[in-house]
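1. Coordinates only, no sequence provided:
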């Protein structure tokens with residue numbers, strides 16, 4: 001599924017719409033309240049390729065990786081490698097123990113982002129909370145604990 005700017009904005013506020021007005025060499029891309037028509041934000045330019053702008057702001061479909069698994073340990077363990085091209089990341093905890101994440105740093109038990117046991121999950125979405133850095137995990141149980149991972153570029 002491809003996320004667009006409009007999808008992300010509507011998730012934040014269902015009354016938000018995206019508009020584009022093109023007039024010869026100038027254009028305006030704006031975000032407006034669909035109930036009041038109030039312009040909340042706008043980008044205006046001239047002599048620029050509108051198609052390039054729309055692609056740059058997120059109207060490009062995501063390409064998903066094959067789903068994968070990783071194991072979190074009782075010491076900080078890499079769950080997902082850094083990926084500068086990442087636009088989406090999902091991590092789901094399949095284990096019976098909470099897992100804590102460290103983004104670009106070692107994971108610390110009982111600190112940072114917690115993913116609850118038995119299906120708890122964390123999504124990283126471009127334009128909202130995306131990280132392209134390494135993601136590490138740790139847990140306080142015994143042995144390794146399994147997570148599923150899927151990312152998109």
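-> Done, it's in. This structure is a prediction, so every number in the text was calculated from the model and none was measured.
2. Show me where the chain dips below the pLDDT cut-off.
-> Scanning the chain for pLDDT under 70 picks out 1-60.
3. Show me how it divides into domains.
-> 5-56, 68-152 (automatic domain parsing).
4. Pretty sure residue 148 sits in a strand.
-> Yes: counting by DSSP: H, G, I helix; E, B strand; the rest coil, residue 148 is found in a strand.
5. Pretty sure residue 94 is one of the things it touches, is it not?
-> Yes: between residue 148 and residue 94 there is a contact at 6.1 Å, judged by Cβ atoms under 8 Å. Yep, even glycine has a C-beta here, placed from its N, CA and C like the rest.
6. joint contacts of the two?
-> Common contact partners of residue 148 and residue 94 (Cβ atoms under 8 Å, 6 or more residues apart in numbering): residue 69.
7. Tell me how many other residues surround residue 67.
-> Burial measure for residue 67: 11 neighbouring residues, criterion other Cβ atoms under 10 Å.
8. Not counting residues beside it along the chain, what's closest to it?
-> Closest residue in space to residue 67, ignoring its immediate chain neighbours: residue 150 at 4.8 Å, by Cβ to Cβ, 6 or more residues apart in numbering.
9. my guess is the one you found meets residue 62, correct?
-> No: look at residue 150 against residue 62 with Cβ under 8 Å: they stay out of range, at 10.5 Å.
10. So what sits opposite the residue nearest to residue 67 in the bridge?
-> residue 90 (DSSP bridges).
11. for it, what are its contacts?
-> Neighbours of residue 150 in contact, by Cβ under 8 Å, 6+ apart: 64-68, 89-90.
12. Isn't residue 105 up against residue 135?
-> No: with contact taken as Cβ under 8 Å, residue 105 and residue 135 are classed as non-touching, separated by 10.1 Å.
13. Looking at these two, which is more packed in?
-> residue 135 (24 against 12).
14. what's the distance between that one and residue 149?
-> 9 Å (Cβ to Cβ, to the nearest Å).
15. Do a quick rundown of the helices in the chain.
-> Here the chain has its helices, by DSSP state H, at 5-12, 50-56.
16. burial measure for the residue nearest to residue 68 when sequence neighbours are not counted, as a count.
-> Closest residue to residue 68 apart from its sequence neighbours, by Cβ to Cβ, 6+ apart: residue 149 at 5.0 Å. Counted with other Cβ under 10 Å, the neighbours of residue 149 add up to 16.
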